[in-house]
Structure formats: structure tokens, C-alpha cells
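sequence below, structure please.
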Amino acid sequence: FKMPEKWSGHLAYHLAGVPPTKTDTTGVQANAQKGKKKKKKTKKANKKNGTSLVIRQLADGKEQRFDFVKNYVLAEENARIAFSTTGKDSTWEAGVYLYHCPEQKHQAIFQGKGKYKQLKLAKDGQQLSFIADLDTSKNRIRPFELFYWKDGNPSAKSIQQKVAKVAEEDYWVSEHFSPYFSENGQRLYFGAAPHPLLKDTTLLPEEVAKVEVWSYKDPRLHTQQKVLLDREKKRSYLAVWDIRKQKAQLLGHRNLANVNPGDEG
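Numbers count the residues shown, from 1 in each chain. Model prediction:
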């Protein structure tokens with residue numbers, strides 16, 4: 001569950017494994033040829049499809065429920081909640097939505113099938129960013145895109161072309177870094193990473209040599225390198241997008257892995 005930092009009156013909590021509110025209780029249809037009843041396939045609430053998000057008004061106990069929600073965030077100063085859903089049908093499409101607590105209404109920020117993650121609202125709730133994978137192919141390198149929305153715009157737009165190449169070497173938006181806005185909302189910080197190296201899947205297991213090479217000159221012990229391997233694979237380098245100038249710049253890189261912006265970003 002989450003509660004707002006600088007506004008009040010609402011509580012948001014995410015259910016686990018609870019069926020959606022509007023389910024087909026009959027779940028059967030006639031089979032004219034075989035004379036049997038066939039069960040309809042109904043979408044189940046689980047970790048993959050998402051579960052119900054409940055937004056409760058503390059004053060009167062009224063609740064709004066949204067089905068198949070994967071993740072959600074609250075604005076710090078404004079009574080707004082953003083969330084993503086895998087959708088159900090034409091009446092409840094997959095995408096990213098914004099819930100306005102005082103009006104008890106929600107609006108679609110972006111709709112379409114895909115994977116949505118790393119949602120982030122600006123401090124005042126007037127801006128929103130998220131990362132999405134809308135590619136329907138089975139490419140092993142997933143083409144995640146960075147999306148941006150500002151209050152007054154009809155929908156979020158991909159700014160991938162503006163931030164894709166932020167250095168001489170191609171750095172792409174990292175799915176493992178959660179973007180965030182500066183305190184004044186004029187800059188959007190995001191993670192960038194080089195293209196990952198993929199294993200050769202055409203080789204048989206017996207054709208792959210299992211060799212570990214280490215040296216006493218390594219800055220880290222070999223055992224520590226193995227433990228940190230997964231973290232290193234997900235390493236991101238800080239980049240920034242100047243919203244007013246519509247310009248992106250890479251701040252960190254392989255030789256400067258840790259960068260901490262000062263002065264509230």
C-alpha cells in the first residue's frame with residue numbers, strides 16, 4: 001500500500017491474486033455440434049497479468065478499483081496516481097492511466113499492448129514519464145522506449161529518437177533504471193546503457209567451454225565478481241533530458257560509472 005506524502009484523504013493498495021471485479025460468472029457457452037458446454041477463457045489476475053489496484057477515500061470509505069494493474073505511483077504534492085494495466089477488452093485497454101483523486105476520474109495517458117514499467121510522476125503531478133516495450137517481435141534485445149507526458153497534452157509521446165544516441169557510442173534507454181524529474185520539473189534523468197552482449201544460442205551445451213579467468217591484479221576478488229555479475233549486467237549510466245531545450249546528454253559512462261546530481265537536480 002502507499003499513502004501520499006504531502007496531500008491526504010486517500011489510500012492506495014494493490015491486491016495479490018484477487019479476481020477482477022467484473023468477471024463472467026456463467027463462463028459457459030453452448031456447443032451445438034457436440035451438445036456440450038464449453039468454458040470461456042477468462043483472464044486471471046496474477047503476477048503476469050496484474051492484479052486489482054484499489055484507491056480508497058478515507059473520509060467516506062468509498063473505493064475505486066482498477067483491474068489488471070502492474071504498477072502504480074503517487075505524486076508527491078498533487079492528488080494524482082499513475083498506474084499501468086495489461087487491460088482486459090475494448091472497454092478497458094492496456095496502457096498507462098492517471099487518476100485524479102478530487103474528481104474521482106481517470107484519464108488514459110497512453111493506450112496499446114506492451115510492457116510498461118518505471119512510472120514516475122513529477123513532484124507536482126503535472127508531468128509523467130515511463131518506459132515501454134511496444135515491439136511485438138521476439139527480438140532478444142528488447143527495444144524499450146522512454147515516454148513523456150505533460151499536463152494538457154492528449155497523450156504521452158515517445159522521446160526515444162531524441163534520447164537514443166546520447167554519445168558517440170550508441171547508448172540506449174535502460175529498462176533497469178527508474179527515471180526521475182528534477183525538483184523544478186525542467187529536467188528528466190534516465191538511465192542509459194550500451195547494447196548488451198548476447199550469448200550464442202546456436203551452440204550445443206557441450207560446445208561451450210566453461211573457463212573462468214582471473215588475476216590477482218583484479219580490483220575485485222573473483223568470488224565477488226561472480227556475485228555482482230547480475231548487477232553489472234544491469235548497470236546503467238546517468239543521462240539527462242532537458243525538457244525545455246529538447247536536448248539529451250550523457251552524464252556517466254564506462255569510465256565514470258557513478259554520477260550524483262546536486263542542487264536538487
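
where exactly do the helices run in the stretch 101-250 of the chain?
Per DSSP state H, counting those that start in this stretch, the stretch 101-250 of the chain carries helices over the ranges 160-163, 222-227, 229-233.

can I get those helices in CSV with mean pLDDT?
What follows is the helices of the stretch 101-250 of the chain, written out as CSV (pLDDT from 0 to 100):
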stretch, mean pLDDT
helix 160-163, 78
helix 222-227, 82
helix 229-233, 81
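
among those helices, which is nearest Asn255?
Among the helices of the stretch 101-250 of the chain, the nearest to Asn255 by C-beta to C-beta is helix 229-233 (14.9 Å). Just so you know, the C-beta spots here come from the backbone N, C-alpha and C atoms, and that holds for glycine as well.

so for that closest one, what gets flagged as buried?
Residues of helix 229-233 classed as buried by neighbour count (16 or more other C-beta atoms under 10 Å): none.

quick one: contacts of it?
With contacts defined as C-beta atoms under 8 Å, 6 or more residues apart in numbering, helix 229-233 is touched by Pro196.

now render the helices of the stretch 101-250 of the chain as JSON lines, adding distance to Ala59.
Output for those, formatted as JSON lines (distance: least, C-beta to C-beta, whole Å):
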{"stretch": "helix 160-163", "distance to Ala59": "42"}
{"stretch": "helix 222-227", "distance to Ala59": "49"}
{"stretch": "helix 229-233", "distance to Ala59": "44"}
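
can you say which of those is nearest to Asp170?
Closest approach to Asp170 among these (C-beta to C-beta): helix 160-163, 11.8 Å.

how far out from the middle of the chain is that closest one?
Relative to the chain's own centre, helix 160-163 is displaced by 17 Å; criterion: C-alpha atoms, centre = their mean, to the nearest Å.

spell out for me which residue occupies the centre of the protein.
For the chain, the residue sitting closest to the mean C-alpha position, by C-alpha atoms, centre = their mean, is Lys117 at 0.6 Å.

residue contacts, that residue?
With contacts defined as C-beta under 8 Å, 6+ apart, Lys117 is in contact with Lys70, Asn71, Ser84, Phe130, Ile131, Ala132, Glu175.

how many neighbours does the residue lying closest to the fourth one once chain neighbours are set aside have?
Read that as Phe130. Among residues not flanking Phe130 along the chain, Leu119 sits closest, at 4.6 Å (C-beta to C-beta, 6 or more residues apart in numbering). Neighbour count of Leu119, defined by other C-beta atoms under 10 Å: 23.

tell me the pLDDT at Leu119?
Here, the pLDDT recorded for Leu119 equals 96.

verify the stated contact: it with Leu128.
Yes. Contact criterion C-beta atoms under 8 Å: Leu119 and Leu128 qualify, at 7.1 Å.

any shared contact partners between these two?
Common neighbours of Leu119 and Leu128, counting by C-beta under 8 Å, 6+ apart, are Ala82, Val96.

what about Ala82, how many residues nearby?
For Ala82, using other C-beta under 10 Å, the count is 23.

element containing it?
strand 80-85 (DSSP states H and E).

can you give me the pLDDT of the residue nearest to Gly185 when sequence neighbours are not counted?
Among residues not flanking Gly185 along the chain, Ala122 sits closest, at 4.7 Å (C-beta to C-beta, 6+ apart). At Ala122, the model reports a pLDDT of 95.
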